[in-house]
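Engineer: Dropping a prediction and its sequence here:
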Amino acid sequence: MAPFKSGFISILGRPNVGKSTLFNRLIGDKIAIIAEKPQTTRNRILGIKHVEGGQLIFLDTPGIHPGRSELSQRMVRTAIASGRDAEVLLFLIEATSPLVEKDQKMIESLQGSNGVPFLVINKMDMVKRKNLLPIIDQYRRLHPFKEILLVSAMTGEGTDILIGEILKVLPEAPPYFPQDMITDQTERFWVSERIREKVIHQTYQEIPYSTAVTIDEFKEHSEKNLVIIKATIHVERDSQKRILIGKGGEKIRRIGEAARKEVEAFLGVKVFLELWVSVERNWTQNPRALNRLGYPPTFTQVS
Ligand SMILES: Nc1nc2c(ncn2[C@@H]2O[C@H](COP(=O)(O)OP(=O)(O)O)[C@@H](O)[C@H]2O)c(=O)[nH]1
Ligand SMILES: [Mg+2]
């Protein structure tokens, strides 16, 4: 029998190239937030793919992109840290707008990692293969990638081949996680991300970037097959709070309803979801507020 293989695979790339879409597709479940707006993924998200003879542990990461707020700097540090220890690095770019120079910086930021580097070109449903040849050439000169693979995270094209290639380079190792586990996220975190996702989907401009969600109460009433969840949506300004609540509370009601439906399907019980909106002035700049709202500093080893 072939030896069992397992290891960590970090998905890295600029914002909006489709990292979270690919991550969910590879795991086969919705774990990470996907949105048309950049910078929606803030933490490192872990998802486990179980295959015959192996266990692939994928890490979805925030986009690598220079931002000025303390929050965006912490996000970039989180991404780089998750690349440092991974066995495989998937550098994701989008076929629709490759930016060789910007990607060069990103690749350089991970020079210290021992991970096997793959270049994965996403959104192949949008372009013709032959138009990509010159671009592939440029990337090939940029870095000695082990493989260059073309995929569409949206349609799933190429993702089986990607899994096969990853499995080839993973080390022999026993499984790190039990067979029935697909993520290390707590239910609380999962619920808070669903709420944040609905806020992102239902609002525009600055609000997605100024929102954090905390779970204040998560009570299971198993005799009634009911979970009562109370959560707070934190924004930076009073004007944002007004927008989020909407006329007569209409917007916050819609956000709550959309989130509740997904949480009910996920937990398989009835959910009572209560949302509060609170103003936490300039929390994206304030280290103590960031720690409290779920974005602690990431200590990366400088090598
Ligand atoms: N056409 C197309 N769109 C995609 C594909 N993968 C992702 N997207 C879209 O690109 C946007 C950003 O995706 P997301 O996964 O949130 O990107 P991330 O910021 O890198 O995590 C979303 O609107 C996705 O629906 C793909 O393979 N094809
Ligand atoms: Mg993402």
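Structural biologist: Perfect, thanks for sending it. Ligands and ions are numbered 1, 2, ... in the order given.
Engineer: any idea how far His221 is from ligand 2?
Structural biologist: 34 Å (C-beta to the ion, to the nearest Å). Using the backbone N, CA and C atoms, a C-beta is placed for each residue, glycine as well.
Engineer: cool, Gly249 as well?
Structural biologist: 30 Å.
Engineer: Might you report the residue contacts of Gly83?
Structural biologist: By C-beta atoms under 8 Å, 6 or more residues apart in numbering, Gly83 lies in contact with 10, 12, 61, 89, 110, 113, 115.
Engineer: repeat that for 10 Å
Structural biologist: Contact analysis of Gly83 by C-beta atoms under 10 Å, 6 or more residues apart in numbering lists 8, 10-12, 44, 59, 61, 64, 89-91, 106, 109-110, 112-113, 115, 117, 300.
Engineer: In the stretch 201-303 of the chain, what residue lies closest to ligand 1?
Structural biologist: His201 (10.8 Å; C-beta to the nearest ligand atom).
Engineer: So for that residue, what's the pLDDT?
Structural biologist: His201 is assigned a predicted lDDT (pLDDT) of 93.
Engineer: Would you state the predicted confidence (pLDDT) at the nearest residue to it once chain neighbours are set aside?
Structural biologist: For His201, ignoring the flanking residues on the chain, the nearest one in space by C-beta to C-beta, 6 or more residues apart in numbering is Ala35 at 6.6 Å. With respect to pLDDT, Ala35 scores 83.
Engineer: Please verify my assumption that Ala35 contacts Tyr204.
Structural biologist: No: shown here, Ala35 and Tyr204 do not form a contact pair, counting by C-beta atoms under 10 Å, at 11.7 Å.
Engineer: which of those two has more neighbours?
Structural biologist: Ala35 (16 against 9; other C-beta atoms under 10 Å).
Engineer: Am I right that Thr214 falls within a strand?
Structural biologist: Yes: counting by DSSP: H, G, I helix; E, B strand; the rest coil, Thr214 is part of a strand.
Engineer: Contact partners for it?
Structural biologist: By C-beta under 10 Å, 6+ apart, the neighbours of Thr214 are 188, 192, 195, 230-234, 276, 278, 280, 292-294.
Engineer: Show me which pair in those residues is furthest apart.
Structural biologist: Arg188 and Glu280 (19.0 Å; C-beta to C-beta).
Engineer: More neighbours: which of those two?
Structural biologist: A count of neighbours by other C-beta under 10 Å puts Glu280 above the other of Arg188 and Glu280, at 18 against 13.
Engineer: Excluding chain neighbours, give the residue nearest to the more buried one in space.
Structural biologist: Spatial nearest neighbour of Glu280, chain neighbours left out: His234 (4.4 Å); criterion: C-beta to C-beta, 6+ apart.
Engineer: same question, Phe8
Structural biologist: The nearest residue in space to Phe8 (C-beta to C-beta, 6+ apart) is Ala86, at 4.4 Å.
Engineer: pretty sure the one you found is in contact with Leu56, am I right?
Structural biologist: No: counting by C-beta under 10 Å, Ala86 does not reach Leu56; the two are 11.1 Å apart.
Engineer: Quick check: neighbours shared by the two?
Structural biologist: 7-9.
Engineer: per-residue confidence for the closest residue to ligand 1 within the stretch 151-300 of the chain?
Structural biologist: Closest contact between the stretch 151-300 of the chain and ligand 1, by C-beta to the nearest ligand atom, is at Met154 (3.4 Å). We have a pLDDT of 97 for Met154.
Engineer: now it, what's its secondary structure?
Structural biologist: coil.
Engineer: I'd like to know how far it sits from Ile34.
Structural biologist: 10 Å (C-beta to C-beta, to the nearest Å).
Engineer: Between the two, point out the one with more neighbours.
Structural biologist: It is Ile34, of Met154 and Ile34, that has more neighbours when counted by other C-beta under 10 Å, with 19 against 16.
Engineer: Could you say which helix or strand holds that one?
Structural biologist: Using DSSP states H and E, Ile34 is not contained in any helix or strand.
Engineer: Show me which parts of the lowest-mean-pLDDT helix or strand in the chain are buried, residue by residue.
Structural biologist: Ranked by mean pLDDT, DSSP states H and E, the helix or strand of the chain with the weakest confidence is helix 100-108, at a mean of 84. Within helix 100-108, the residues that count as buried by 16 or more other C-beta atoms under 10 Å are 103, 106-107.
Engineer: wait, does it contact ligand 1?
Structural biologist: No: counting by C-beta under 6 Å from any ligand atom, ligand 1 is not contacted by helix 100-108; separation bottoms out at 12.1 Å.
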